[in-house]
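Chemist: Based on what follows, work out the 3D shape:
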Amino acid sequence: MKRTIFVVLTLAAFALAFSACAAPTAAPTTAPAPATTAPGATTAPQATAKPTSAPVPAGATKVTFWHSMGGDLGGKAIPQMMDDFNKSQTKCFAEATYQGTYDDGLNKLKAGLQSGDVPTVMQLYDIGTRLMVDLKVATPVQDFIDKEKYDVSDLEPNILAYYTVDNKLQSMPFNTSNPMLYYNKDAFKAAGLDPNKPPRTFDEVAQYAQKLTKKDASGQVTQYGVSFAIYGWFFEQFLAVSGGYYVNNGNGRDARATAATFNSPEGLAVVNWWKKMYDDGVEGNFGRNTTDTRNAFVAGKTAMIVESTATLRSLLDATQGKFELGTGFYPRPNEDAYTKYGTIIGGASLWILNARPAAEQECGWQLVKFLASPKEQAYWHTQSGYYPISKSGYNEQLDKDWRAKYPQFQTAIDQLHMAPNNRVTQGGLIGVFPTARQTVEVAIESVLQGKATPKDALDKANADVTQAIVQYNQTVK
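Modeler: Numbers count the residues shown, from 1 in each chain. Here you go, the predicted model:
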């Protein structure tokens, strides 16, 4: 009873914190309009995903799979993958059901823990990892790996590292991304810049932005050189490629994090750089919602943006016939940072709920393994733009053909593989990430609006996040 009360109260507090988050963005789709990708949070998708439902064959164990993929991914890709799994064997039968946004799914999990109605497998965003581990409502996939002696050597090590806590792989990565630079090659040519050489460092971004910014006769900006959505995930990535830690104790991975550390010299340098470009009139501010910044990019109102690799396919569709889309590595403070640091994994993973019977959990594991297989990951990659978590997925002919058609995605693959696997690139691990992201976004917004200096804003945000971490840790205890 105590465990149930703790789980319900903690989930309630977490959901409340999430609902307070600013301007979340929508789940990625493959529609021609620019899809919205938010590795940490999603709002309602552009299309309603249809549940996969069919009679369970006699003798088969049913697996329920709750997911938060809207649009074509939930309505087409996931049902196809469920069908592939069901046809591949006879012992288990998977049924996928769309649960709405990630926070909707979390709220339904909270209700289900009270009523006993929980799924076998649940998709949950990356920033829910610490919470799920603390709640102890899932069986670590490491338990199944060890029991079966399942070979994980084909799975991307940097991706596995994100979801490894207490030396155990807690959940199986599923939809995985990180951010990169997107740019308008036509605008580069018009500005006298080499369209095949995007900026790599902070200084180069500022220099390129100066050349790319265009004004009309009245002095009004018609095209900004660069624009960043005020999204906490982007700040976390700029911090990571600079070698900065988000929280203490090895980003919360050597021991439980007790304090935020993003107001470090690395974090301050990021905000100062951001602010200077804005003050110079070469950085456009289209707000916190990443969709607005992407729409401005597609409309030619800004020449460069940073976005998730998972938006590549939709941006290719949206810019077709307008301009040639270029991709580059996520900018770093200097060239040395390319060998020392890297971007952090985003997206979501699959959890096997321990409230379900052992036989059902075993079938859940079979489903999770199947979805991680090279063939299914290649299909998922081509449908969504998310990375294959299986290295062999790139060898599938389907994937080869897709990359031949969209060579820009090689940038994303190279960026993933060049990143070292260390505590910086593994990312922060805390139970209050939605609150933390909102706090950082408010801080950056106040800096751009001239209401606070970068140092004062970042120091205050750091103190507020630290307080939230302390309160969360006390709740866990």
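Chemist: Show me the domain layout of the protein.
Modeler: According to automatic domain parsing, the chain comprises the domains 2-177+346-419, 179-343+425-467.
Chemist: correct me, but Lys340 touches Gly243?
Modeler: Yes: under the criterion of C-beta atoms under 8 Å, Lys340 makes contact with Gly243 at 6.2 Å. C-beta here means a position set from N, CA and C on the backbone, and glycine is covered the same way.
Chemist: What are the boundaries of the strands in the stretch 201-350 of the chain?
Modeler: 214-215, 221-223, 226-227, 283-284, 304-308, 325-328, 346-353 (DSSP state E, counting those that start in this stretch).
Chemist: Without its sequence neighbours, what residue ends up closest to Leu416?
Modeler: Nearest in space to Leu416, with sequence neighbours left out and distances taken as C-beta to C-beta, 6 or more residues apart in numbering, is Tyr387 at 6.1 Å.
Chemist: so where's the stretch 1-150 of the chain shaky on pLDDT?
Modeler: 1-54 (pLDDT under 70).
Chemist: what about 80?
Modeler: Residue ranges of the stretch 1-150 of the chain with pLDDT under 80: 1-55.
Chemist: residue boundaries of the strands in the stretch 1-150 of the chain?
Modeler: Going by DSSP E, counting those that start in this stretch, the stretch 1-150 of the chain shows strands at 25-26, 42-43, 61-67, 92-98, 121-125, 138-139.
Chemist: so which of those comes closest to Met82?
Modeler: Closest to Met82 of these, according to C-beta to C-beta: strand 92-98, at 4.9 Å.
Chemist: how far is stretch 68-83 from where the chain is centred?
Modeler: On the basis of C-alpha atoms, centre = their mean, to the nearest Å, stretch 68-83 sits 18 Å off its chain's mean C-alpha point.
Chemist: Just the C-alphas of it, formatted as CSV.
Modeler: Provided in CSV are the C-alpha atoms of stretch 68-83 (Å, rounded to 0.1, in the frame of the first residue of the first chain):
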residue,chain,number,x,y,z
SER,A,68,2.5,8.4,-28.0
MET,A,69,3.3,8.5,-31.7
GLY,A,70,0.6,10.5,-33.6
GLY,A,71,0.1,11.1,-37.3
ASP,A,72,1.5,8.7,-39.8
LEU,A,73,3.8,7.1,-37.2
GLY,A,74,1.0,6.0,-35.0
GLY,A,75,-1.6,5.4,-37.8
LYS,A,76,0.7,3.6,-40.2
ALA,A,77,4.2,2.7,-39.0
ILE,A,78,3.4,1.3,-35.5
PRO,A,79,0.4,-0.8,-36.7
GLN,A,80,2.7,-2.2,-39.5
MET,A,81,5.3,-3.1,-36.9
MET,A,82,2.8,-4.8,-34.7
ASP,A,83,1.6,-6.8,-37.7
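Chemist: that older thread, output the domains of the chain in JSON lines; the columns should cover mean neighbour count and distance to Lys477.
Modeler: Below are the domains of the chain laid out as JSON lines (neighbours: other C-beta atoms under 10 Å; distance: least, C-beta to C-beta, whole Å):
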{"stretch": "domain 2-177+346-419", "mean neighbour count": "19", "distance to Lys477": "10"}
{"stretch": "domain 179-343+425-467", "mean neighbour count": "20", "distance to Lys477": "10"}
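Chemist: could you dump the ones you listed to CSV with distance to Asn473?
Modeler: Compiled in CSV, the domains of the chain are given as follows (distance: least, C-beta to C-beta, whole Å):
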stretch, distance to Asn473
domain 2-177+346-419, 9
domain 179-343+425-467, 6
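Chemist: Which residue ranges of the stretch 351-477 of the chain form helices?
Modeler: Under the criterion DSSP state H, counting those that start in this stretch, the stretch 351-477 of the chain contains helices at 358-371, 374-384, 397-405, 409-418, 423-426, 433-448, 454-476.
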